[in-house]
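Trainee: what's the 3D shape of this:
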Amino acid sequence: MSKTIRARYEKGFLKPLEPLQLREGEEVEVWINKPIRRKLKDLICILGESSEAELKRYLDKV
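Mentor: Okay, here's the model as predicted:
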């Protein structure tokens with residue numbers, strides 16, 4: 001079974017934002033994917049000021 005859920009990282013743990021139908025002790029695989037807005041904000045830091053305005057315009061559209 002494969003399902004995408006949202007979770008929040010707090011105090012060293014991922015906390016699901018919705019109930020999970022799992023048995024106690026059941027192991028799962030976790031794939032971390034930051035929302036696109038966060039990825040683009042990270043790019044601003046990497047690419048510098050010259051690309052900042054362009055990326056901000058794009059963020060306003062997303």
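Trainee: where along this structure do the strands fall?
Mentor: 7-10, 13-16 (DSSP state E).
Trainee: quick one: closest of those strands to Leu43.
Mentor: Evaluated over the strands of the chain, closeness to Leu43 peaks at strand 7-10, with 20.5 Å, by Cβ to Cβ. Backbone N, C-alpha and C define where each C-beta goes, glycine included.
Trainee: from the contact counts, what lies against that closest one?
Mentor: Judged by 3 or more Cβ pairs under 8 Å, 6 or more residues apart in numbering; DSSP states H and E, the packing partners of strand 7-10 are strand 13-16.
Trainee: rewinding a little: distance to Met1 for the strands of the chain - can I get that in a markdown table?
Mentor: Putting those into a markdown table (distance: least, Cβ to Cβ, whole Å) gives the following:
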| stretch | distance to Met1 |
| --- | --- |
| strand 7-10 | 17 |
| strand 13-16 | 15 |
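Trainee: what's the neighbour count on His55?
Mentor: Heads up, residue 55 is Leu, not His. Leu55 has 14 neighbouring residues, counting by other Cβ atoms under 10 Å.
Trainee: distance of it relative to Pro35?
Mentor: 15 Å (Cβ to Cβ, to the nearest Å).
Trainee: cool, and Glu18?
Mentor: Distance, Glu18 to Pro35, using Cβ to Cβ: 16 Å.
Trainee: perfect, I'm done here.
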